[in-house]
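Mind looking at a prediction? Sequence and model below.
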Amino acid sequence: MEKNAVRSGAFARRRRDAALPLLFVAGFCAYGCNHGSMIYTPLLVLDGGGDLFAVGLQATVFLALAVALRFWLGPLADRRGTKPLMALGLAAYAVTTPLLGLCGTFAAVLVVRCVQAVGMAAFFPCALSAVSEVAGQRNSGLTLGAYRLVSSVALTVSAAALFPLVQSIGYAGTFTVMGAVGALGLLCVLAAPVPGPSQRDMERGAEDDGPRNPGLLSQLRQILAAHRLLAASVLGATFVAALGYGLVTNFATPFVEKAAPTVNAGVLVALVGVGGLVANPAAGWLVDRRDSFSTLAFFLGCLGAGVAALALVPAAPAGMPLVGLAVGVGYFGVATSAVALIAKRIAPEGRSSFIAMQQNCIDVGAGLAGIFFGTLFSFASPAVGFVLWGVVTMAVGIAILYAATDAKRRAHRV
């Protein structure tokens, strides 16, 4: 028995050592394709004679379809395994991205973006789930934090590298290069030794205990119902943080430029990104050490304080660096600690479903921020809105701490 356990452990370590680099490269390729398409499709539409309504429509359709598909693809990944869906997602990017440069009408662009929405919905939640499983429980938080850094690096590289490509070889050539990057990511996914459901059961020595085949949406409801506190805390915190991030990215720069014309408002957004570079690995490391909701509450507090302090930047411009860092640390810390908590507390059989819902909270929250706060600012000044949402964000963190403490107290009584 001991020899079998040692062999199983050695096999798991070899699989992890082989899979993680491949998954990181695949993630970089997928993020690069996704970011590049989001940055340059609007320019392609405008250069093709489209207007701003068309630009907004393609973005909205892309995002709405991805959100809807995750309700189905998350449970499907839990049932069939993450690797097939990661491959599907990267194949969607590899095949359709070169077609963007060949689209002669807006309708064709819209069709391509719909297929890319399948890629976004299929790849990203499954990739996070696969990375957490391959990394193992002990270091899953730190590994996920490092993996989320890939998104920031891919955004920086794609934004910097694709512009000169467009200038030299045009949209068709640039999107073809992006498709080749997606194809490289697909090869990495196919080569990565990611365990599927059947292999996972064999490694654990699991036995079939009868047919279990609920509908995909029923499966999702069961998973969320079985972890109500985790669902309410992680999904609620992510949604609130995404609204705050959308508030900052949409309204902070014009507010600062108008209220303090001598201040370089662009520095604020850059510092938010720097805060994310710090928070991603830090949040994962903290969850590895504590595995508690206090990490989530701490980063919500940072975000809330940073958002509220935005109202003071015109009066105290010297404090803007701290404000930007607090917002970045808070938002990215919430997003990473939420995924890390899911990885720690949810078995692989339900993890992709949970992560898919968490990703939906990010997209829906960020998408609603413009409408929600734009409406609010028609009745109140932006400074009031920043303070109000900062207080709400901190209050949500306190509520999560209270609920977690109360649940522990009741569990001890039983």
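Received it, and whenever you're ready, just let me know what you need.

Can you show me the helices along this structure?
2-47, 52-80, 82-100, 106-135, 140-191, 197-204, 216-226, 228-247, 253-259, 266-290, 293-309, 320-345, 348-376, 382-413 (DSSP state H).

Those helices into JSON lines, with extra columns for mean pLDDT?
Shown next, in JSON lines, are the helices of the chain (pLDDT from 0 to 100):
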{"stretch": "helix 2-47", "mean pLDDT": "77"}
{"stretch": "helix 52-80", "mean pLDDT": "90"}
{"stretch": "helix 82-100", "mean pLDDT": "94"}
{"stretch": "helix 106-135", "mean pLDDT": "93"}
{"stretch": "helix 140-191", "mean pLDDT": "88"}
{"stretch": "helix 197-204", "mean pLDDT": "53"}
{"stretch": "helix 216-226", "mean pLDDT": "77"}
{"stretch": "helix 228-247", "mean pLDDT": "93"}
{"stretch": "helix 253-259", "mean pLDDT": "81"}
{"stretch": "helix 266-290", "mean pLDDT": "86"}
{"stretch": "helix 293-309", "mean pLDDT": "95"}
{"stretch": "helix 320-345", "mean pLDDT": "93"}
{"stretch": "helix 348-376", "mean pLDDT": "90"}
{"stretch": "helix 382-413", "mean pLDDT": "89"}
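
want to throw these into a markdown table with mean neighbour count?
C-betas here are computed from N, CA, C, even on glycine. Shown next, in a markdown table, are the helices of the chain (neighbours: other CB atoms under 10 Å):
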| stretch | mean neighbour count |
| --- | --- |
| helix 2-47 | 18 |
| helix 52-80 | 18 |
| helix 82-100 | 24 |
| helix 106-135 | 23 |
| helix 140-191 | 19 |
| helix 197-204 | 13 |
| helix 216-226 | 15 |
| helix 228-247 | 22 |
| helix 253-259 | 16 |
| helix 266-290 | 20 |
| helix 293-309 | 25 |
| helix 320-345 | 26 |
| helix 348-376 | 20 |
| helix 382-413 | 16 |
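
give me phi/psi at residue 102?
Phi and psi for residue 102, reported as degrees, to the nearest 10, are phi -100, psi 0.

and what of residue 49?
When quoted as degrees, to the nearest 10, the phi and psi of residue 49 stand at phi 100, psi 0.

Starting from residue 103, give me the distance back to it.
Look at residue 49 and residue 103: by CB to CB, to the nearest Å, they are 12 Å apart.

Ok, residue 190 next?
Distance from residue 190 to residue 103, by CB to CB: 28 Å.

and what of residue 348?
Counting by CB to CB, the gap from residue 348 to residue 103 is 39 Å.

And for residue 150?
As judged by CB to CB, residue 150 and residue 103 stand 28 Å apart.

can you check residue 264 too?
37 Å.

Which one of the two is surrounded by more residues?
Of the pair residue 264 and residue 103, residue 103 is the one with more neighbours under other CB atoms under 10 Å, namely 21 against 12.

need the contact list for the more buried one.
By CB atoms under 8 Å, 6 or more residues apart in numbering, the residues touching residue 103 are 44, 48, 109, 112.

Identify the nearest residue to residue 65 in space, disregarding sequence-adjacent positions?
residue 117 (4.0 Å; CB to CB, 6 or more residues apart in numbering).

can you pull the contacts of that neighbour?
Contacts of residue 117 (CB under 8 Å, 6+ apart): 61-63, 65-66, 69.

Can you give me the distance of the nearest residue to residue 323 once chain neighbours are set aside to residue 252?
Among residues not flanking residue 323 along the chain, residue 309 sits closest, at 4.8 Å (CB to CB, 6+ apart). In this view, residue 309 and residue 252 are 11 Å apart by CB to CB.

ok, now residue 383?
Separation of residue 383 from residue 252 (CB to CB): 11 Å.

which residues do those two both contact?
Among the neighbours of residue 383, those also in contact with residue 252 (CB under 8 Å, 6+ apart) are residue 310.

Provide the backbone phi and psi angles at residue 261.
Main-chain dihedrals, residue 261, degrees, to the nearest 10: phi -60, psi -20.
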